[in-house]
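*Asks:* Here's my sequence, what's the structure:
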Amino acid sequence: MKSNNPEPTSKMSACKEKVPIWRVVILFLACLSIYLYLYTNAFDGMKSSAVYRVVEGDLQAVWKDKFGSVSYYLKLLEKADTSLKIEFSAGNVSKQEQTTQSPTSTVAAKIHSNVNTQQLEKYRSRILNQENVPILTLFTTWNYNPDKNLVHNLTVTNWLSLHPFVIPVVFTNDSDVAADCSRKGWGVLPVLVSAAEGIPVLKYMYRDVMEKYNTTFYAYSNADILFTDTLPDSLVQIITNTSLDLTQPGMIVGKRTNVENVTLDEGSDWYNITWVAKERGKLFTGWAEDYFITTRPFPWHDMAEVVIGRRAYDNWLVVHSRKLKYTVIDATKTVLAVHLTTEAGNFEGHSHKNRDYNHNLLVKMFKRLKYNAGIIECIEKFTAYESGNFSIKDRTVLKGCATG
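*Replies:* Sure, this is the predicted structure:
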C-alpha cells in the first residue's frame, strides 16, 4: 500500500533548513584550530605525550608512502613554514627524569641528543645531488623463519629509514625473502660461498658488495640489530671532522644495547628506538660485536673464512686487525645499536649446531688465539662527543689486551 505520510521528507528538509552551511564551516575551522593548537604545543617539551604520538604517527604514515626518512619530511615542512622546527631527539630530558633513569638509559639519551642534524641534512643533499656517494653499504643475511618474522620486518623497515646514507642489502638464497626485500627497496645478492652446512662465509659477502656498490664504508651486521640516525651521523663526522685515513684499512665496531620484546610500534622509527633503549635497554658485554664497518681498502681477501652467527669470529677479527696495526675504533659512545632480544636470548650463537666451527678453523690456522684481546675494552681508539664536538680519542688499555 502506498504511504501518504510525508513526514520523513519533511523532517529532512527541515533539518537542512535549520543548519546553514556557514555554521558547518565555522565548526570545521574551530576543530582545525584546536588540532593545530595541540599540534604546535605537542613539540614544546611534550614528545612523550599522547598528542605527540598521534602527530608522529601521521608523519610516519606519510614517510612510509613516499619519503626516505622522517627528518626529510620535516625538512620539507620547514621550507614551507620557517617557524616550524621539529627535532626527533631524545636529548630533551628534564633533570627529574635524568635522576630516575638507569645509567644505560642516560647513555642512550646522550648518544641521540648529540646528532648533528644540520650537517646530516647537508650531506643528505650532497648524496641526493650525486655530489657524494652513499656513506655505507649495510648488509646481512637470513632465510625465512616464522619465529623471526617480526624481527626481520623491523630490520627491513629500520635499515630503509637510513636512506640515502645507507644501502641495505640482504644475502639469501631463499626466493621468498629475496622477493620481499627487493619489493621493499633492499638490494639482494645470493650466498655464493658457505661452510658449516650452509652458513655464509663473511669475507665473500664483503667481496660481493664491494663489487656491486660504491660507498665509503661497508658493514656486515646481524639481522636483529636496529640503528638510528646516530649511525650515519657518526660516519659523516668521521669523514668530515677527523683525520682518519680512508685509504688505509680501518674497522669500526661497538657494543649493542639489548632490548627484550620490542613491538612493531617501538621499533618503527628512530625516536621510539631511542626511547625503548632508554627505558628497557641494557648495554651488553664487550665480548659481543654485532657489526663491522670497514673501509674499502680493508683486506678481506686475506681474512680467514669464518662464518657469521657462530662464536669466535668477532673477537678474532678485532684482535687480528689490531695485531696488523689496522685502525680499529670503538663507536659505542656515538652509535646506538639495539639488539632485538627474542626467546632465543642474547647468546644465541653459542647454542647453534656447529657453534665451534670458527674456533676450530682458527686454531688450525693460528695455533695460539687471544680472544680476550679482541673485546671492545681493548680497542685503543673510540668516538665521542664532548661539548658538541665529535672526535676520535685514545684509550689506555690493560696489559691483558696485548696482541702478542
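*Asks:* State the distance from Asp245 to Pro297.
*Replies:* Taking C-beta to C-beta, to the nearest Å as the measure, Asp245 falls 9 Å from Pro297. Using the backbone N, CA and C atoms, a C-beta is placed for each residue, glycine as well.
*Asks:* For the nearest residue to Ile375 once chain neighbours are set aside, which residues are in contact?
*Replies:* Closest residue to Ile375 apart from its sequence neighbours, by C-beta to C-beta, 6 or more residues apart in numbering: Gly286 at 4.2 Å. Gly286 is in contact with Lys255, Ile375, Ile376, Glu377, counting by C-beta atoms under 8 Å, 6 or more residues apart in numbering.
*Asks:* tally of neighbours for Asn129?
*Replies:* Residues contacting Asn129 under the criterion other C-beta atoms under 10 Å number 8.
*Asks:* cool, and the one 3 residues further on?
*Replies:* The local packing count at Asn132 equals 18, with neighbours defined by other C-beta under 10 Å.
*Asks:* And it, how far from Glu121?
*Replies:* Distance from Asn132 to Glu121, by C-beta to C-beta: 13 Å.
*Asks:* so where does Lys110 fall, helix or strand?
*Replies:* In the assignment (DSSP states H and E), Lys110 maps to helix 103-113.
*Asks:* on that earlier part again, which of the contacts of Gly286 has the most neighbours?
*Replies:* Lys255 (24 neighbours).
*Asks:* Work out for me the element the nearest residue to that one once chain neighbours are set aside sits within.
*Replies:* Using C-beta to C-beta, 6+ apart and skipping residues adjacent in sequence, the residue nearest Lys255 is Thr332, 4.4 Å away. Thr332 is part of no helix or strand, with elements assigned from DSSP H and E.
*Asks:* Quick check, Thr332 in contact with Phe382.
*Replies:* Yes: applying C-beta atoms under 8 Å as the test, Thr332 and Phe382 come out as touching, 7.0 Å apart.
*Asks:* ok, the two, which is more surrounded?
*Replies:* Thr332 (24 against 20).
*Asks:* Double-check that the residue nearest to Ile375 belongs to a strand.
*Replies:* No: counting by DSSP: H, G, I helix; E, B strand; the rest coil, Gly286 is not found in a strand; it is coil.
*Asks:* where's it relative to Asp330, distance?
*Replies:* 9 Å.
*Asks:* now swap in Pro164 and tell me
*Replies:* 27 Å.
*Asks:* what ranges do the helices span in the stretch 251-400 of the chain?
*Replies:* Remark: helices assigned in the stretch 251-400 of the chain by DSSP state H, counting those that start in this stretch are 270-280, 313-323, 357-366.
*Asks:* From Asn261, how far off is the residue nearest to Lys255?
*Replies:* As defined by C-beta to C-beta, Thr332 lies at a distance of 23 Å from Asn261.
*Asks:* Ser194 too?
*Replies:* Counting by C-beta to C-beta - Ser194 and Asn261 are separated by 32 Å.
*Asks:* And these two? Which one has more around it.
*Replies:* Using other C-beta under 10 Å as the criterion, Ser194 and Asn261 rank with Ser194 on top: 15 against 12.
*Asks:* which residues touch that one?
*Replies:* Contact analysis of Ser194 by C-beta under 8 Å, 6+ apart lists Pro200, Val201, Val307.
*Asks:* got a winner among those for most neighbours?
*Replies:* Pro200 (24 neighbours).
*Asks:* Helix, strand, or coil at that one?
*Replies:* What three-state DSSP gives for Pro200 is strand.
*Asks:* Now do stretch 312-330: distance to the chain's middle.
*Replies:* Offset of stretch 312-330 from its chain centre (C-alpha atoms, centre = their mean, to the nearest Å): 23 Å.
*Asks:* Strands of the stretch 101-250 of the chain, residue ranges please.
*Replies:* Along the stretch 101-250 of the chain, the segments classed as strands by DSSP state E, counting those that start in this stretch run 136-141, 166-171, 187-189, 194-195, 199-200, 217-221, 225-227, 250-253.
*Asks:* Turn the ones you listed into TSV, columns for distance to His339 and mean pLDDT.
*Replies:* Listed next are the strands of the stretch 101-250 of the chain as TSV, based on distance: least, C-beta to C-beta, whole Å; pLDDT from 0 to 100:
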stretch	distance to His339	mean pLDDT
strand 136-141	13	98
strand 166-171	17	98
strand 187-189	23	98
strand 194-195	24	98
strand 199-200	20	98
strand 217-221	10	98
strand 225-227	6	98
strand 250-253	14	98
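*Asks:* Would you check how far apart Ile135 and Val236 are?
*Replies:* 7 Å.
*Asks:* Any figure for the gap between the residue nearest to Ile375 and Arg395?
*Replies:* Note on Gly286: its distance to Arg395, by C-beta to C-beta, is 12 Å.
*Asks:* Next: Tyr371.
*Replies:* Applying C-beta to C-beta to Tyr371 and Arg395 gives a distance of 19 Å.
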